[in-house]
Each structure stands twice: as structure tokens, then as C-alpha cells.
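Visitor: Return atomic coordinates for the entry below.
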Amino acid sequence: MLVSPSILTADFTRLEAEVKKIATADFIHLDIMDGHFVPNISFGPHIASSVAKLSKIPMDVHLMVTHPDQWIDLFSFPNTRYITLHVEAKSVQKSIDKIKEKGLGVGLSIKPNTPVKRLKKYLNQADLILVMTVEPGFGGQKFMTKMLDKVRELKKLREEQGYAYLIEVDGGVSNENIVLCHESGVDMVVAGSYIFNHDNPEQAILSLK
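Guide: Alright, predicted model coming up:
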């Protein structure tokens, strides 16, 4: 299992120390919120670039924004691996094309109330599919087990159609539900509170791996 800690839960007054705590992670997850697509604002490109400079770990950028095509350039750092946008956002195809032009992995995400069928016409262009297991915009929410049905559906589609995307889940992930994630076909998990609030973040990452 690949693990992508969400830096949103970190203590930003101790950013360098917080990044060092997750040195064994596979990715660092950046939650970018515009206060419009979701009712919250996280942080912008300045702090995100600081995170990127503090670590060589690949960046997993999640754009929870209404107009993702306007944000892609701002978060295309040297170690950005994936930029994920929501299919519920505007200019989805334009944004996909822009991410590809950057030579980055295309990520597509769906909210809990959005069915997998909304993704189908884009799946052949995707490198990563992010299934939200909480309502996007706030940390610390309870994991929605029902969302793993979408993971199973996406895994089946991948096998049937020969797609190559990774399946990622985000929201409420911990050692209490990681086995369910694995059994349903999840390839990568995003975890914030469980890792950064743990007495031993390295052990927390290992327990998810």
C-alpha cells in the first residue's frame, strides 16, 4: 500500500520538522481549497512550494477548486507527480490536457455523492483516481465504508478495459480501516490526522503500508 500523508494536518509553525516526520512516506498529499468548490480555504502556492523544497518525496496535489485549469501552473513543482482535479469542477478536459502538457500524472476525483459513471469518459486518460471517503473540505471526519463500493467498481473497470490508473482514497483513513481498503482494491491512501497526531508518525505510516 502506498501512503500519502496529508500535510494539511501538520503544524505549520514547525513545517520543516513536520515534513521530516513523514520521511518514509511514498508521497506528500497537498490539499488545495479555494473556499468556493469546498467551504474552506487551506493554503496557496507559497506554502506548497515550501513543502516541495523541504522534501524530495513526490507531491500528490489535490485541487479542490472550481476552476482547476487556473491553478495547475501554480502547483507544478519539480517534484510534483500527480495533480488531481474533481470531475464536478469546471473545464475538466481542458485541465486534463494542461496536466498532460506539463508531463505530470492526471488525477481525477469524485465526491461521496458522485457516481463512478461520471468518471467513465475520462478513465482512459487517468493515471490516478481519488475516491473521497469523506466530504471534501475538512479534516477529521469519519471514514465512509460505503465508498469502497466505488473502489471495487473502479478496480473491475480497470481490469476489464486495461486501464493503468492507481486507485486512491482520502478521508478518515487509519489502522482501523486499512485492511478494508486493501481488500477492496485501494492502491494508495491519504491520511492526515492518523499520521500527524500519532505519537510515532513513522510507525503510523508503516501500519498503513
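
Visitor: Show me how far the host helix or strand of residue 53 is from its chain's centre.
Guide: Residue 53 is part of helix 45-54, with elements assigned from DSSP states H and E. On the basis of C-alpha atoms, centre = their mean, to the nearest Å, helix 45-54 sits 17 Å off its chain's mean C-alpha point.

Visitor: Helix or strand for the residue most central in space within the chain, just tell me which one.
Guide: The centre of the chain sits closest to residue 62, judged by C-alpha atoms, centre = their mean, with a distance of 5.1 Å. With secondary structure defined by DSSP H and E, residue 62 is part of strand 59-64.

Visitor: Would you map the helices across this protein?
Guide: Residue ranges of the helices in the chain, as given by DSSP state H, are 15-21, 45-54, 92-101, 148-161, 178-184, 193-196, 201-208.

Visitor: Export these as JSON lines, with columns for mean pLDDT, mean neighbour count and distance to residue 35.
Guide: (Glycine included, C-beta is placed from N, CA and C.) Below are these laid out as JSON lines (pLDDT from 0 to 100; neighbours: other C-beta atoms under 10 Å; distance: least, C-beta to C-beta, whole Å):
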{"stretch": "helix 15-21", "mean pLDDT": "95", "mean neighbour count": "16", "distance to residue 35": "22"}
{"stretch": "helix 45-54", "mean pLDDT": "94", "mean neighbour count": "16", "distance to residue 35": "15"}
{"stretch": "helix 92-101", "mean pLDDT": "98", "mean neighbour count": "17", "distance to residue 35": "19"}
{"stretch": "helix 148-161", "mean pLDDT": "98", "mean neighbour count": "16", "distance to residue 35": "27"}
{"stretch": "helix 178-184", "mean pLDDT": "98", "mean neighbour count": "16", "distance to residue 35": "30"}
{"stretch": "helix 193-196", "mean pLDDT": "94", "mean neighbour count": "22", "distance to residue 35": "22"}
{"stretch": "helix 201-208", "mean pLDDT": "97", "mean neighbour count": "18", "distance to residue 35": "29"}
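
Visitor: With distance to residue 124 as new columns, can those helices be given to me in a markdown table?
Guide: Formatted as a markdown table, the helices of the chain follow (distance: least, C-beta to C-beta, whole Å):
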| stretch | distance to residue 124 |
| --- | --- |
| helix 15-21 | 35 |
| helix 45-54 | 29 |
| helix 92-101 | 11 |
| helix 148-161 | 7 |
| helix 178-184 | 22 |
| helix 193-196 | 33 |
| helix 201-208 | 29 |
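
Visitor: out of those, which comes closest to residue 69?
Guide: helix 92-101 (4.4 Å; C-beta to C-beta).

Visitor: which residues sit against that closest one?
Guide: 68-69, 72, 83, 85, 89, 105-106, 108, 122, 125 (C-beta atoms under 8 Å, 6 or more residues apart in numbering).

Visitor: quick one: low-confidence parts of this protein?
Guide: Within the chain, the stretches with pLDDT under 70 are 138-140.

Visitor: Taking the chain centroid, which residue in it is the extreme one?
Guide: Furthest out from the centre of the chain (C-alpha atoms, centre = their mean) sits residue 160, at 24.4 Å.

Visitor: my read: residue 47 touches residue 12, true?
Guide: Yes - applying C-beta atoms under 8 Å, one finds residue 47 in contact with residue 12, separated by 7.0 Å.
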